[in-house]
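>>> Turn this into a structure:
(2 chains)
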Amino acid sequence: MNAPVTDLVAPSPDNATPLEADFVDSRFTVPGMRCAGCIAKVERGLGAIAGVEAARVNFSAKRVAVHHASAITDDDLIDALRKLGFEAERAAENPLGRDDGEQRRLARALAVAGFGMMNIMLLSVSVWSGADAITRDMFHWISALIAVPVIAYAGRPFFASAAMALRYRRTNMDVPISIGVLLATGMSLYETLTGGPHAYFDGAVMLLFFLLAGRVLDAMMRSRARSGIAALLGRMGKGAQVLNPDGSTRYVAAEGLAPNMVMLVAAGESLAADGVIVEGRTRIDSSMLTGESEPRPVLEGETIHAGMINLGDPVRVKVTAAAQDTAIADIARLMDEAGQSRSRYVRIADRASRLYAPAVHSLAALSFLGWWLAGAGVYKALLIAVSVLIITCPCALGLAVPAAQVVASGALMRRGLLIKDGSALERLAEVDQVLFDKTGTLTLGEPRPVDLDVLDAQGRSVALALAQASRHPLSRGLAKALRAAGTEPAVLDGVSEEAGQGMQARYQGREVALLRPEFEVGGLAVDLLIDGTRTRLAFSDPLRPDVRETLAELSGQGVTAAIVSGDREASVGAVAKDLGLFATHSMKPAGKLALLERLKGAGHFPLMVGDGLNDGPALAGAHVSIAPGGASDVSQQAADAVFVGERLMPVALALRVARRTMAIVRQNFAMAAIYNVFAVPLAILGHVTPLVAAIAMSGSSLVVVGNSLRLARAAGRASEQA
Amino acid sequence: MTILGFLIPLALIMGLVGLVGFFWAMKSGQFEDLDGAANRILIEEEEDSDQDAKG
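Prediction:
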């Protein structure tokens, strides 16, 4: 697989099998894999295709990697996956996966700190239980030999972050941690060299171990949420089938598209670049771009933009602007500017350390001065100052925030809300206003049949069998609704799809078809034909099933809700009246952003919930933001959290759990403070030995972690009430 | 006391073996797909076992 490049270009293929060079690796996201059976089905199904050497599913990332002959195209494989019953997309480079390396570094540092802690502890226990003279000195020396490289390696994340903060003349939690660890190590080295009784190597390494455990948990929570979101990404136009001059087609990624190329855009596909229709007429869904829910008919010669979805017939589109020049790029620029304000947010741990670090450091300095002036000698005074630093070193404080946030976000993830980081939870807890986009957020954003009762049981099972064989948005919506109604698909023969017309097949010897209406009707509709009998199914974009309950829950939490939509007055007004919400209509991306700025200027903390590209700047500019799983890639990347499924309740649940989390974080801080109230006087009076420090440190950490674990139950209760 | 000269290096070596094992496991991708590993145990083996060898 990893054949050196020289093999591929070697001029003499005498002994190399020529086929070897023709294998390539492709990756696809397959969001529909939910069980062990799916893994087996995908791997065996793909493995059975001639030319496929191996297929390996990564279930956590909902991806499959295929090693196959280059004669097989990506589209063949996507087709094969669809025949197996899975929607698949080419996997792009994951834009959210960059901090994967960060997590690995932290995990390695944690392993090294754990190794060091256990071995040093082993030696320390014997020192504490009375080893003295030459034995103690030898144990101190061995401890030093283990501790110094371990601290140098495992402490790097903290030292680097502290150095960065100091360079910008700021302070964060890592500054007192680094000073504490370095002073304790230096002091212990001096003790070891002079044969003194007190070495704090165990304390220093244990501190690093506990703090790294908190960081690793934090990084794991982030990467889990991000890989969950990455699996949802990629349904937007990342590329297009481009027509070659000789009539053949090839797939070109969005970055490779250039003006004057001709793209073939099939039904259900979204555009990867702006362009002019050169052949065909269709209807497009521009809700991602404008928020408008009604599909719009477009004719030859009209310009359509990247991000719009083709709902009707396949069309040929000549590219007029690609990549950086599309209409989307303007939105991206707005988003960049809007995102600036959020980076100024200061996390609660750093706010706490602004008060805490100066207090601890002046306390240590004062105890040094006090003992020195009292005539204790520089050495004794310094020893006491170091023990003050170690005992107050924010082990419990360092865990107070991540422990609570990891438990909370894990609980929320199980209920369908993926939170990207802890800072989002902190900001969510402050929210006092929620702004909802309409299309795709309050509504499902997908066409669904208005009334299934026009079909009898047989009609339903035939309709499901036909609909699930097509990728057209109407077919997909129909299939979802029928499956939700508990319909089993009928067994059909000879299913065929005619692009732009519909699906045809034979059922028990009779002609059946799912066709578009012969005459243009208002709104979206399809006709089901069974043996010549036509049944019309009208489609609309319904509200999410639990919108009302969610809004009631929000107002119960004292949060006001409102609608900001890019859609026209009539359709926004109807929904707003129905739900009893204040609404603003016909909003441009910049308008939404300006509204949020006004709210923030008035001292509010707005939460933006939206899905479209046009919501991107608002999502980036709001105090905190949530996007539904069906949102555009841009929106999911801009948002702080993503909820999956058809229910809106995760939004209300997120606010409730975030507030509960911050309450627990404050309790944790209070406990750490109480512990310091008892421990610091002991340290200042000089009664703290390495043994006392080790017990105090692990004891306070356990209390904080235990308190945080209560959140798992709190989130469960919240969702049961909801 | 001479037993210490044997036991302490032994403890260190055992710890190091664990550490190196963890580094190896991380590098070789053992933690890439934890949910998948949990689910794979439920997959029934097929008659022709070379399918699984491929996967």
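>>> How about the residues of chain A by chain B?
Applying Cβ under 8 Å from any Cβ of the partner chain, we find that chain A lies next to chain B at A:35-37, A:39-40, A:43-44, A:47-48, A:53-61, A:104, A:107-108, A:111-112, A:115, A:118-119, A:122-123, A:135, A:142, A:146. In short, each C-beta sits where N, CA and C put it, glycine included.
>>> Just the buried ones from these, in PyMOL syntax?
PyMOL command restricting these to the buried ones, with burial defined by 16 or more other Cβ atoms under 10 Å in any protein chain shown:
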select buried, chain A and resi 36+39+40+43+44+47+54+55+56+57+58+59+60+61+107+108+111+112+115+119+122+123+142+146
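>>> can you pull out the strands in the stretch 301-450 of chain A?
A:303-304, A:309-310, A:315-321, A:417-419, A:433-436, A:448-449 (DSSP state E, counting those that start in this stretch).
>>> if we look at the second one, which residues are touching it?
The reference is to strand A:309-310. A:265-271, A:282-286, A:288, A:473 (Cβ atoms under 8 Å, 6 or more residues apart in numbering or on different chains).
>>> Please look at residue A:435 and residue A:606 and confirm they touch.
Yes. The pair residue A:435 and residue A:606 passes the contact test of Cβ atoms under 8 Å, sitting 5.8 Å apart.
>>> Which residue does chain B have closest to chain A?
For chain B and chain A, the shortest gap (Cβ to the nearest Cβ) falls at residue B:36, measuring 3.1 Å.
>>> Got phi/psi on the residue nearest to that residue when sequence neighbours are not counted?
Leaving aside its sequence neighbours, residue B:36 sits nearest to residue A:59 (Cβ to Cβ, 6 or more residues apart in numbering or on different chains; 3.1 Å). In terms of degrees, to the nearest 10, the main-chain angles of residue A:59 are phi -70, psi -40.
>>> so the residue positioned nearest the centre of chain A is in which element?
The centroid of chain A falls nearest to residue A:226 when counting by Cα atoms, centre = their mean (3.0 Å). Per DSSP states H and E, residue A:226 falls inside helix A:201-232.
>>> Report the mean confidence score over that helix.
Averaging pLDDT along helix A:201-232 gives 81.
>>> Show me what secondary structure element comes after that helix.
Immediately after helix A:201-232, counting by DSSP H and E, sits strand A:239-243.
>>> circling back to that earlier point, worst mean pLDDT among the strands of the stretch 301-450 of chain A?
Among the strands of the stretch 301-450 of chain A, strand A:309-310 scores lowest, with a mean of 82.
>>> who in chain B is up against chain A?
Looking at chain A, the residues of chain B close enough under Cβ under 8 Å from any Cβ are B:1, B:8, B:11-12, B:15-16, B:18-19, B:22-23, B:26, B:32-36, B:39-44, B:46, B:51, B:54-55.
>>> Now the buried members of those residues.
The buried subset of the residues of chain B next to chain A (16+ other Cβ under 10 Å) comprises B:8, B:12, B:15, B:19, B:22, B:33, B:36, B:39-40, B:43, B:54-55.
>>> Just give the closest residue to the residue nearest in space to the middle of chain B, not the sequence neighbours.
For chain B, residue B:25 is the residue whose C-alpha lies nearest the centre (Cα atoms, centre = their mean; 5.6 Å). In this structure, residue B:25 finds its nearest non-sequential neighbour in residue B:31, 6.9 Å apart by Cβ to Cβ, 6+ apart.
>>> I'd like the distance between that neighbour and residue A:197.
42 Å (Cβ to Cβ, to the nearest Å).
>>> Then residue A:609?
61 Å.
>>> more crowded one of these two?
The neighbour comparison of residue A:609 against residue A:197 (other Cβ atoms under 10 Å in any protein chain shown) goes to residue A:609, with 28 against 12.
>>> Tell me the confidence at that one?
For residue A:609, the predicted pLDDT is 92.
>>> who's in contact with it?
A:434-437, A:441, A:625-628, A:651.
>>> Any chance of the backbone angles for it?
The phi/psi pair for residue A:609 (degrees, to the nearest 10) is phi -120, psi 110.
>>> beta partners for it?
residue A:436, residue A:626 (DSSP bridges).
>>> Also residue A:510?
residue A:507.
>>> ok, now the one 5 residues further on?
With DSSP bridges applied, the residues forming beta bridges to residue A:515 are residue A:502, residue A:527.
>>> can you pull the pLDDT of it?
For residue A:515, pLDDT reads 83.
>>> How about residue A:92?
According to the prediction, residue A:92 has pLDDT 60.
>>> What's the first helix or strand after the longest helix along chain B?
Across chain B, the longest stretch assigned as helix under DSSP state H is helix B:2-27. For helix B:2-27, the succeeding helix or strand toward the C-terminus, using DSSP H and E, is helix B:34-40.
>>> Against which helices or strands is that next one packed?
For helix B:34-40, the elements it packs on are helix A:36-47, judged by 3 or more Cβ pairs under 8 Å, 6 or more residues apart in numbering or on different chains; DSSP states H and E.
>>> ok now the helix it packs on, how far from the chain's centre?
Chain-centre distance of helix A:36-47: 26 Å, with Cα atoms, centre = their mean, to the nearest Å.
>>> what's the answer for stretch A:583-598, then?
With Cα atoms, centre = their mean, you get 26 Å for stretch A:583-598.
>>> Mind listing residues that contact stretch A:660-674?
By Cβ under 8 Å, 6+ apart, the residues outside stretch A:660-674 that reach it are A:348, A:352, A:394, A:396-397, A:399-401, A:403-405, A:408, A:425-426, A:429, A:700, A:703-704, A:707-708, A:710-711, A:714-715, A:718.
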